[in-house]
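Colleague: predicted model, plus sequence, below.
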Amino acid sequence: QVQLQESGPGLVKPSQTLSLSCTGSGGPITSIPYFWSWIRQPPGKGLEWIGYISYSGDAYYSPSLQSRSSISRDTSANLFSLHLSSVSPEDTAVYYCARVEANGMDYWGKGTLVTVSS
């Protein structure tokens, strides 16, 4: 059973960098053919895909967030991370991590609320 857990600060100041980690259990993040994704949901809005990192470490991003996003991984700790720079209140959202397989995202973390406010 795969389990994913997001962690990171719940409050970030405007213009700073939002950093979150997702720790996985039940299987290594290097397992073929899985990708590992970040998604967010602003209050009252729908889900927005941010990006993902492959089993081999290649990262792909949403065009709308690519200039501010970076996804990395630490295979020794079995975790992958999101860094979103120059945040504004519009980046306030519940942030989720998820595993991606051929038919979609099959395992999700519970999500963590990040508020951008001074």
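Modeller: Thanks, I have the structure now. A quick note: this is a predicted structure, and the numbers were derived from the prediction, not measured.
Colleague: switch to C-alpha atoms for all contacts and neighbour counts from now on
Modeller: Noted.
Colleague: look up phi and psi at residue 22.
Modeller: phi -130, psi 120 (degrees, to the nearest 10).
Colleague: skip the chain neighbours and tell me the closest residue to it.
Modeller: Among residues not flanking residue 22 along the chain, residue 6 sits closest, at 4.4 Å (C-alpha to C-alpha, 6 or more residues apart in numbering).
Colleague: neighbours around that neighbour, how many?
Modeller: Here the number of neighbours of residue 6 (other C-alpha atoms under 10 Å) works out to 23.
Colleague: which residues sit in contact with it?
Modeller: 20, 21, 22, 23, 95, 96, 97, 109, 110, 111, 112 (C-alpha atoms under 8 Å, 6 or more residues apart in numbering).
Colleague: report the secondary structure state of it.
Modeller: Classification of residue 6 by DSSP: H, G, I helix; E, B strand; the rest coil places it in strand.
Colleague: contacts only, for the residue nearest to the spatial centre of the chain.
Modeller: With distances taken as C-alpha atoms, centre = their mean, residue 38 lies nearest the centre of the chain, 2.8 Å away. By C-alpha under 8 Å, 6+ apart, residue 38 lies in contact with 49, 50, 51, 52, 82, 95, 96, 97, 98.
Colleague: so which of the residues you listed is the closest to residue 104?
Modeller: residue 98 (9.6 Å; C-alpha to C-alpha).
Colleague: element containing that closest one, please.
Modeller: strand 93-101 (DSSP states H and E).
Colleague: residue 65: which of the contacts of residue 38 is nearest?
Modeller: residue 50 (6.6 Å).
Colleague: residues near that closest one, how many?
Modeller: 24.
Colleague: which neighbouring elements make contact with the helix or strand harbouring it?
Modeller: Assigning secondary structure by DSSP H and E places residue 50 in strand 48-54. The contact analysis (3 or more C-alpha pairs under 8 Å, 6 or more residues apart in numbering; DSSP states H and E) places strand 48-54 against strand 35-41, strand 59-61, strand 69-74.
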